[in-house]
Structures are given as structure tokens and as C-alpha cells.
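J.: can't give you the sequence, but here's the structure:
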């Protein structure tokens, strides 16, 4: 047994992914995944982070991790055509996951009018119109795309693995179960009880932090 095969067996055993799950395909809702560790103040060994450090998802490590237990992975994330960093990020994602495994669309920016209490904690650029002062919050939801792809390709897998905590996927998971599919949910933070109940296996993102995250300096530090 080579080192990679040993690592696969170790990680699958650690996660609780056994042979009964059959062929596994992974669907990554990165708009959700990207925020998993943003409030964390400790690394995976429970060592405190410095004030100028934060945990972020490393895309290459994420791909290597899902490859340890799945046959295919699909990556969903929005882009901003006016932001060179956003376009560059999608290029990197395509290089890592594959050109035809990264699905993207233009981010929409939604106005959010600030209350007096929100001004002190706001870090975004503030705009103003007749109705008051507001910030632009990026929004790009892939619930429909993931649901359509999961159903369209359901003959290719035995287990649907979703990286997300979004309650909107409850109906998709219920439908897949009627088609005799198993469901693995890898989630960060809180999930609604209906989604937890429907999943065959729930994995907490904190338990895979060591595989997919890295420490970086906060911007400006």
C-alpha cells in the first residue's frame, strides 16, 4: 500500500465514510464554505492565533481532501467582473478543480441600509441616496444550480456529498433519498434540524480544519 492509499483509508475511517457509501460525488457551495473559519481564533491544534492572523480555506488542500473519499467534485462560486482579484480567484479554482468542474456567475450587489447601531461596526464602503446611507452586500446563490446538477448526474453516484450549511438544500436531500441515494453533509456552524435529520452522515468542519485550512495574515497587517 502506498502513502496516498494509506492516507485515503485513514481519512475515510476518521470521517466515518465506509464502503456502504459507494461512489461519492462532492458538491462545494464555496460561498458558504469560505466563511467556515472566519470567526475562529484557534488553529486545528487549538493553538491561539495571533491578532494579525486568520484561518482561510486553501483551495488546493480542499481539493486534495475531497479526493481522498470521492470520485468527482464540483465547485460553485460567484465572481465580480469589475474585481481583478475575483477573476483571478476563479482562474485559480479552475486550475485546481478543472475547467469544467468550476461553475460561476456574476455576483449581484444588494443594498443594505445602515441603522445607527451598525455604523460603528461597519467596514464596507458607505454609499448614500435619498433613502439613507447604505452598503453593498455581494450575493450569489447557487442553490438551484447545485440542485439541478445533483439530480441530472444522480445516475453517476451512490452518495451525494454537500459542503454547505444552507437550509435551502433540505428539499434536494429529501428528493435524493427517494432515489435511494445516501447523503453526506459537511457543515460549518449551525444547521437546521431537518437537514441534519435527512443526512446519512454529518461531518463538522472543525474536524477537518487541519486538512483544508491555512493561517494567513489579516489585510493591512
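T.: Good, I have the coordinates. As the structure is a prediction and not an experimental result, all values here were calculated from the model.

J.: And the pLDDT for residue 114?
T.: pLDDT for residue 114: 68.

J.: Tell me how the chain divides into domains.
T.: 3-105+141-217, 107-139 (automatic domain parsing).

J.: just the ones you listed: most buried one?
T.: Most buried of the domains of the chain by mean neighbour count (mean count of other Cβ atoms under 10 Å) is domain 3-105+141-217; its value is a mean of 16. To be clear about C-beta, it is placed using only N, CA and C from the backbone, and glycine gets the same treatment.

J.: What mean pLDDT does that one get?
T.: 94.

J.: where do the strands sit along this protein?
T.: With strands called from DSSP state E, the chain shows them at 24-29, 53-57, 72-76, 102-103, 108-113, 127-129, 132-139, 159-163, 182-187, 201-204, 213-217.

J.: Out of the ones you listed, which is closest to residue 195?
T.: For residue 195, the closest of the strands of the chain is strand 182-187, at 6.7 Å, according to Cβ to Cβ.

J.: Outside of the closest one itself, list whatever touches it.
T.: Residues outside strand 182-187 that contact it (Cβ atoms under 8 Å, 6 or more residues apart in numbering): 17, 20-22, 24, 158-165, 173, 176-177, 191, 195-196, 198-205, 208.

J.: can you pull out the helices in this structure?
T.: Counting by DSSP state H, the chain has helices at residues 3-15, 30-33, 59-66, 84-97, 116-119, 143-152, 170-178, 193-198, 209-212.

J.: what angle separates the first one from strand 182-187?
T.: To tie it back to what came earlier, the one meant is helix 3-15. With axes from the mean of the first three to the mean of the last three Cα atoms, to 10 degrees defining the directions, helix 3-15 sits at 90 degrees from strand 182-187.

J.: how far is helix 3-15 from where the chain is centred?
T.: The chain centre lies 22 Å from the centre of helix 3-15; the measure is Cα atoms, centre = their mean, to the nearest Å.

J.: Kindly report the same for the longest one.
T.: Taking Cα atoms, centre = their mean, one finds the center of helix 84-97 at 15 Å from the center of the full chain.

J.: just checking, what packs against it?
T.: helix 59-66, strand 72-76, strand 102-103 (3 or more Cβ pairs under 8 Å, 6 or more residues apart in numbering; DSSP states H and E).

J.: of all these, which lies closest to residue 86?
T.: Proximity to residue 86 (Cβ to Cβ) singles out strand 102-103 among the helices and strands packed on helix 84-97, at 13.1 Å.
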